[in-house]
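**Q** below: sequence and its predicted model.
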Amino acid sequence: MRRREFITLLGGAAAAWPLTARAQQPAMPVIGFLHPASPDTFADRVRGFRQGLKETGFVEGENVAVEYRWADNQLDRLPALATELVRRQVAVIAAPGGPAPASAAKAATATIPVVFLVAEDPVGLGLVASLAAPGGNLTGINFFNIELSAKRLELLRVLVPGATRVAALVNPANVSNRQTTLRDLEAAGRAMGLQIQVLNAGTSGEIDSAFATSVGERPDVVFVSLDQFFASRRVQLVHLASRYAIPATYALRDFVEAGGLMSYGANLMEAYRQVGVYTGRILRGARPADFPVAQASKFELVINHQTARLLGLTVPPSLLAIADEVIE
């Protein structure tokens, strides 16, 4: 073989080496992310999820891909979206956002690992066999925000000591959430000598009607239950509470950041980070069946001082002392 031909052959082979090497590299794993809301209202939660992935060595776009499926608050779309992810053959499905996405993912696959984030008891919801040994292909994070109803009511009573009538806003479509919330709230109300008025709302129009109805009976305070739909309508809810000048308590800090009076509940940024950590660990080989359901342990009290002043309320020093954040 002549020298020129040899050099040409060698150069062609060298040019092909990177292509061959790339072809031999393993495919990037894909995570399915299933959520009942819309991305514009949960961007910060997604950042928490990505932080958890990063802590386990996965960075989106570098060594892992994420397929997002958002239901835009149309829960009936979740089963089809979960089926899409299964057909996509994702390695694991992250299903934060409550029982609906978790149940949709569970119904869609018995083999792909699923990581959920729920406020209710996951055993009672039928997602896992037990918290310590979930069994099956699901595990995740449980934050007991619903069980914090009594504590939220107690904190609101400290801020509005003269309150006797409480309007509890619940979503009738979220049956298990509604039942648990009202059970705990009514028990706590009886212990505190408070009257509980139940307001049902499952649409934006029903939220408006609920507030308009409650004004006639003039409750002293409003208790907004933890609900995915209510979270998506937080601006509307905060506006109505301001319009009718009614002190209100919420489960999530998002409401207080939007101008709501106060919130007490799990830190959801931290909870979504935990979902990311669990998802990353499963990608590294952990089996959901043997991976205990984690209990959220970080809770926060957030108070909007400006809103309190607008409502003519003086926040007691005792409440300010225990608040995790006071928004001025």
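**A** Cool, the structure landed.
**Q** surely F299 and A271 touch.
**A** No. Using CB atoms under 8 Å, F299 makes no contact with A271, being 10.5 Å away. Using the backbone N, CA and C atoms, a C-beta is placed for each residue, glycine as well.
**Q** P122 - nearest residue in space that isn't next to it in sequence?
**A** Using CB to CB, 6 or more residues apart in numbering and skipping the chain neighbours, the partner closest in space to P122 is V128 (5.0 Å).
**Q** for the one you found, give me its contacts.
**A** V128 makes contact with 122, 134-136, 138-139, 293, according to CB atoms under 8 Å, 6 or more residues apart in numbering.
**Q** I246 versus that one, what's the distance?
**A** 39 Å (CB to CB, to the nearest Å).
**Q** next one: L283
**A** 47 Å.
**Q** following element in sequence after the helix or strand where V46 lies, please.
**A** Element membership of V46, judged by DSSP states H and E, is helix 43-55. Counting by DSSP H and E, the next helix or strand C-terminal to helix 43-55 is strand 65-70.
**Q** buried ones in the following helix or strand past that next one?
**A** Counting by DSSP H and E, the element after strand 65-70 in chain order, helix or strand, is helix 78-87. Going by neighbour count (16 or more other CB atoms under 10 Å), the buried part of helix 78-87 is 78-79, 81-83, 85.
**Q** contacts for helix 78-87?
**A** By CB under 8 Å, 6+ apart, helix 78-87 touches 32, 34, 36, 67, 69, 71, 93, 95, 100-101, 104-105, 107-109, 112.
**Q** same thing but at 6 Å, please
**A** Here helix 78-87 makes contact (CB atoms under 6 Å, 6 or more residues apart in numbering) with 32, 34, 69, 71, 93, 100-101, 104-105, 108-109.
**Q** then stretch 181-191?
**A** 146, 149-150, 153, 168, 170, 196, 225.
**Q** burial of the closest residue in space to V59 that isn't next to it in sequence, as a residue count?
**A** Spatial nearest neighbour of V59, excluding adjacent residues (CB to CB, 6+ apart): L53 at 7.1 Å. Applying other CB atoms under 10 Å, we find 25 residues neighbouring L53.
**Q** quick thing: my sequence starts at 14, can you match it?
**A** With the count now opening at 14, the last piece we talked about shows up as L66.
**Q** would you confirm that L66 contacts G289?
**A** Yes. Using CB atoms under 6 Å, L66 is in contact with G289, at 4.4 Å.
**Q** any stretches of the stretch 64-213 of the chain with poor pLDDT?
**A** For the stretch 64-213 of the chain, the stretches with pLDDT under 70 are 157-160.
**Q** can you map out the strands along it?
**A** Here the stretch 64-213 of the chain has its strands, by DSSP state E, counting those that start in this stretch, at 78-83, 105-108, 127-131, 151-155, 178-183, 208-213.
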